[in-house]
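okay, predicted coordinates and the sequence, questions at the end:
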Amino acid sequence: MPLFWRIFLLNAVVLIVATALLLGPVTVSTPVLLTEAAVLTVGLAAMLVANALLLRVGLAPLQRLTRAMNTTDLLRPGHRTAVDGRGEIAELITTYNTMLDRLEDERATSSARALSAQEAERRRIARELHDEVGQSLTAVLLQLKRAADHAPAELGDELRQVQETTRASLEEIRRIARRLRPGVLDELGLASALKALATEFGGPGLTVQHCLDPDLPELDRESELVLYRVAQEGLTNVVRHAGARRAELALRRTPGGVELRVRDDGRGIAGADEGAGIRGMRERALLVGAELTVEPRADGGGTELRLAVPVPARFPAHVLVPVRPERKSVPSTIPAVVRRSAPAHAPPP
């Protein structure tokens, strides 16, 4: 029965009962006697309580829907409001769940395209840094060496200092290029890339240990890239925000796939809002149907990041959406097609 008619009939019943009491043998004296006032008060209270209870039961699904609207996060997909109630209320909840399905699909598609373009741009910039700037600085180093060898002693020392400064700048450019484009991931695989990442972030004041299972399942290119980028962002957050002395980078096999874990002994994230870095990691996780968890460590201070990637990776879509390639021949590192999520009201993978 529609909500309008239920509320209308409920109020109609209350009015009919009140009219029946007026037309019945019950009378009210003037002045009102104490017993008559008590009967009227009890009757009115009973009708108000019955009206309130029935309205509360009838409108409870709307309150649950309101709470769901206030807590919905498209980066944590799959949560749906149970369809209960009747008439317009059930139709409203069903429409809301269908809208969430559509929004999650559209966000997955747009995120895949944006991240694909981002990875392609990173590869282009890394290639230009390596091929253009790197080669130019290498030529400058050779010229400085030639000039220092033929210059007077005092001028030669200054040229050698400039040469060392240029060499340090060249190494910094190469380091930036490696972070933009993980060549070791393409050449040696995920395990070697994660070991190199742990070595790169370790240094004075921070010890980064790595623990990688030797029998990891075979992963596709997209899953490896997501695991690498999430590990990179997690260690970057440790260096920038945690104030930690020790960190651990682990990748282990699980019954359903693999799990990446980044732990530190820093100040933790209790009460802190999620920044752009964590939200970016959640968007990457959605591309391969993975689940990202960032929370305080259970065994003390610090933060623990976990990324559970299913194998084979479950893409969040049933419709294939092509991603336009770059004009230049830059190989994309995000899948050229993204599958959209399962049918409406399906639980998350």
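Perfect, I can see it now. Numbering: from 1, shown residues only.

make it CA atoms for all contacts and neighbour counts henceforth
Fine.

state the distance from the nearest residue to residue 185 once chain neighbours are set aside to residue 123.
Closest residue to residue 185 apart from its sequence neighbours, by Cα to Cα, 6 or more residues apart in numbering: residue 193 at 5.1 Å. Counting by Cα to Cα, to the nearest Å, the gap from residue 193 to residue 123 is 16 Å.

could you do residue 40 as well?
82 Å.

so these two - more neighbours on which side?
Counting neighbours by other Cα atoms under 10 Å for residue 40 and for residue 123 shows that residue 123 has the greater number, 23 against 13.

and the more buried one, what helix or strand is that in?
In this assignment (DSSP states H and E), residue 123 forms part of helix 88-128.

does anything pack onto that helix? Which helices or strands?
Packing contacts for helix 88-128, counted by 3 or more Cα pairs under 8 Å, 6 or more residues apart in numbering; DSSP states H and E, involve helix 34-71, helix 153-180, helix 276-287, strand 337-338.

mean confidence (pLDDT) on the helix or strand following it, please.
Of the helices and strands lying after helix 88-128 in sequence (DSSP H and E), the nearest is helix 134-150. Helix 134-150 shows a mean pLDDT of 84.

stretch 45-63 now?
76.

centre of the chain versus it, how much separation?
Mean-position distance between stretch 45-63 and its chain equals 39 Å (Cα atoms, centre = their mean, to the nearest Å).

also stretch 235-242?
The answer for stretch 235-242 is 18 Å, by Cα atoms, centre = their mean.

can you check stretch 285-294 too?
7 Å.

need the CA coordinates for it. CSV is fine.
Taking C-alpha atoms only, stretch 285-294 is exported to CSV below (Å, rounded to 0.1, in the frame of the first residue of the first chain):
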residue,chain,number,x,y,z
ALA,A,285,42.7,-0.7,-5.8
LEU,A,286,39.3,-0.5,-7.5
LEU,A,287,40.8,-1.0,-10.9
VAL,A,288,41.8,-4.6,-10.0
GLY,A,289,39.0,-5.4,-7.6
ALA,A,290,41.3,-5.1,-4.6
GLU,A,291,40.5,-4.0,-1.0
LEU,A,292,42.6,-1.4,0.7
THR,A,293,42.7,-1.0,4.5
VAL,A,294,44.6,1.8,6.3
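
could you chop this structure up by domain?
3-70+80-103, 184-314 (automatic domain parsing).

okay, those domains in TSV with distance to residue 113 next?
Compiled in TSV, those are given as follows (distance: least, Cα to Cα, whole Å):
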stretch	distance to residue 113
domain 3-70+80-103	15
domain 184-314	10
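
and among the ones you listed, the most buried is which?
Most buried of those, by mean neighbour count (mean count of other Cα atoms under 10 Å): domain 184-314, with a mean of 18.

assumed residue 83 was part of a helix.
No: in this structure, residue 83 is coil, not part of a helix, as judged by DSSP: H, G, I helix; E, B strand; the rest coil.

wait, what's in contact with it?
Counting by Cα atoms under 8 Å, 6 or more residues apart in numbering, residue 83 touches 90, 93, 94.

looking at it, the second one is touching residue 65, isn't it?
Yes: with contacts defined as Cα atoms under 8 Å, residue 93 counts as touching residue 65 at a distance of 6.9 Å.

what touches both of these two?
residue 81.

what secondary structure does residue 219 sit in?
coil.

now do it against residue 309, distance only.
As judged by Cα to Cα, residue 219 and residue 309 stand 9 Å apart.

count of residues packed around residue 164?
Neighbour count of residue 164, defined by other Cα under 10 Å: 14.

end to end, how far does stretch 143-161 reach?
By Cα to Cα, the extent of stretch 143-161 from end to end equals 14 Å.

list the buried ones in that stretch?
Neighbour counts over stretch 143-161 (16 or more other Cα atoms under 10 Å) mark 144, 145, 148, 156, 159, 160 as buried.

got those residues as CSV, with distance to residue 185 columns?
As requested, the buried residues of stretch 143-161 are arranged in CSV below (distance: Cα to Cα, whole Å):
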residue, distance to residue 185
144, 34
145, 34
148, 39
156, 41
159, 37
160, 35
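
now the particular helix or strand that has residue 258 in it: how far from the chain's centre is it?
Counting by DSSP H and E, the element that carries residue 258 is strand 257-264. Mean-position distance between strand 257-264 and its chain equals 15 Å (Cα atoms, centre = their mean).

for it, C-alpha coordinates in CSV please.
This file holds the C-alpha atoms of strand 257-264, laid out as CSV (Å, rounded to 0.1, in the frame of the first residue of the first chain):
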residue,chain,number,x,y,z
GLY,A,257,45.4,-14.0,-4.1
VAL,A,258,48.2,-11.8,-2.6
GLU,A,259,48.3,-9.2,0.2
LEU,A,260,50.6,-6.2,0.3
ARG,A,261,51.4,-4.8,3.8
VAL,A,262,53.3,-1.6,4.7
ARG,A,263,53.8,-1.1,8.4
ASP,A,264,55.6,1.6,10.4
